[in-house]
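Asks: Quick one, structure for this:
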Amino acid sequence: MQLEQIFKDNRRFLWGLSYRMTGSAADADDVLQETFVRLLQRPPADTEEPLRPWLVRVAVNLSRDALRRRRRQSYTGQWLPAPFETENNEDALAAFDFAAGGRASDAADPSSRYEMLESVSFAFLLALELLTPTQRAVLLLRDVFDFSVAETARALRMTEPNVKTTHHRARRVMREYEERRFVPRKSLVERTGRVVAQLVELLTRRDTEAAAKLLAANVVSVSDGGGEFFAARVPVVGRAKVAMLLSKLSKAAERFDSKSRVVELNGLYGVVTERENAPPGFAGKVATLFQLGGDGLIERIYFVMASRKLGALPAAGVAEIRE
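Replies: Have a look, this model is predicted:
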């Protein structure tokens with residue numbers, strides 16, 4: 001098979017795996033490129049064997065290396081995944097990941113417990129941070145990409161008993177996430193947009209007290225400036241504190257010549273904002289993601305400002321936040 005066809009058949013699958021392994025679109029791009037460089041320079045010796053397990057092994061190893069490097073480095077403030085644009089359609093994202101010959105998850109199979117869109121949500125990616133790189137690889141292959149124990153062992157060059165033990169330990173770590181599992185839905189994104197529109201209107205009118213009522217009692221705001229820009233270095237927790245933070249940000253925004261674009265990011269309602277006249281210390285581009293709770297109130301707000309994490313996002317157009 002020609003390299004061009006191999007790349008076409010596998011690039012989406014490998015990028016999706018690498019992104020979930022690293023939480024970084026830039027790292028996923030690098031892993032994808034390096035995987036095919038190695039295929040060119042050091043192809044597998046056995047040309048009769050299927051190529052997919054070899055590609056997965058290389059991509060996972062490179063992803064684990066990237067993940068370990070990132071964790072060894074000190075990080076200023078809170079770390080958040082790099083957001084990327086997703087379609088407001090679960091089937092479309094599933095096709096994105098399985099177009100390369102993967103298998104759509106069988107809902108009746110207990111091993112394939114996480115949906116494609118759920119597995120790129122910030123809630124899921126942050127939960128994965130508690131796993132070791134190997135646990136993360138095993139959990140993703142087994143519970144997201146629906147690999148069997150034998151397929152996972154083959155791809156990672158592990159014994160089947162080791163895969164089972166690692167998988168069991170990874171699932172045990174994920175128990176806290178399971179208790180508050182977040183599954184994105186198109187309808188949820190639409191509802192979130194309506195709540196955010198109300199929130200913006202109230203903040204514009206300086207009605208902070210009314211705006212606070214749209215926030216969950218235990219709402220959390222997390223900001224990732226990567227040490228480049230002014231950002232809260234610890235999560236802001238609680239309705240009153242987050243409402244005050246949003247009020248201050250709303251007032252500060254009036255000083256900037258900004259343009260924004262509403263977009264779905266990682267299955268969440270998001271807004272990408274660009275500031276043309278941002279002074280030193282202030283981010284020129286910000287991605288804000290909103291997560292709605294079961295009570296219809298905003299329970300998580302993520303601000304991503306670190307420039308390396310926003311390269312995959314298209315430039316913001318002139319668009320107003322709307323219902």
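Asks: Give me the phi and psi angles of the most far-flung residue of the chain relative to its centre.
Replies: Computed with Cα atoms, centre = their mean, the maximum C-alpha offset from the centroid of the chain is found at residue 48, amounting to 35.9 Å. Residue 48 adopts backbone torsions of phi -90, psi -20, taken as degrees, to the nearest 10.
Asks: distance of it from residue 126?
Replies: Plainly put, residue 48 is 41 Å away from residue 126 if you go by Cβ to Cβ, to the nearest Å. Bear in mind the C-beta positions are built from the backbone N, C-alpha and C, glycine included.
Asks: same question, residue 194
Replies: Using Cβ to Cβ, we find residue 194 at a distance of 25 Å from residue 126.
Asks: Equivalent analysis for residue 239, please.
Replies: 21 Å.
Asks: So for residue 194 and residue 126, which sits in the more crowded spot?
Replies: Of the pair residue 194 and residue 126, residue 126 is the one with more neighbours under other Cβ atoms under 10 Å, namely 18 against 14.
Asks: Quick check: the more buried one touching residue 81?
Replies: Yes: taking contacts as Cβ atoms under 8 Å, residue 126 lies within contact range of residue 81: 7.3 Å.
Asks: Do me a favour and average the pLDDT over stretch 236-248.
Replies: Averaging pLDDT along stretch 236-248 yields 96.
Asks: in that stretch, what counts as buried?
Replies: Buried positions in stretch 236-248, judged by neighbour count with 16 or more other Cβ atoms under 10 Å: 236, 238, 239, 241, 242, 243, 245, 246, 247.
Asks: immediately after the helix or strand bottoming out on mean pLDDT in the chain, which helix or strand?
Replies: Using mean pLDDT, DSSP states H and E, helix 90-98 stands out as the lowest-scoring helix or strand of the chain, at a mean of 45. From helix 90-98 onward toward the C-terminus, using DSSP states H and E, the following helix or strand is helix 122-128.
Asks: List of residues touching the helix or strand following that following helix?
Replies: Taking DSSP H and E as the definition, the helix or strand that follows helix 122-128 towards the C-terminus is helix 133-139. Residues lying outside helix 133-139 but in contact with it, judged by Cβ atoms under 8 Å, 6 or more residues apart in numbering, are 21, 60, 63-64, 67-68, 128, 131, 152, 156, 158, 163, 166-167, 169-171, 173-174.
Asks: Would you map out the domains in this protein?
Replies: The chain is divided into the following domains under automatic domain parsing: 3-179, 186-309.
Asks: can you give me the helices for the stretch 101-250 of the chain?
Replies: Residue ranges of the helices in the stretch 101-250 of the chain, as given by DSSP state H, counting those that start in this stretch, are 122-128, 133-139, 149-156, 160-173, 175-179, 186-204, 208-212, 239-253.
Asks: quick one: which of those is nearest residue 56?
Replies: Closest approach to residue 56 among the helices of the stretch 101-250 of the chain is made by helix 149-156 (4.3 Å; Cβ to Cβ).
Asks: to the chain's geometric centre, what's the distance from that closest one?
Replies: Centroid displacement of helix 149-156 relative to its chain, using Cα atoms, centre = their mean, to the nearest Å, is 25 Å.
Asks: Please identify the buried residues of that helix?
Replies: Of the residues in helix 149-156, those with enough neighbours to count as buried (16+ other Cβ under 10 Å) are 149, 151, 152, 153, 154, 155, 156.
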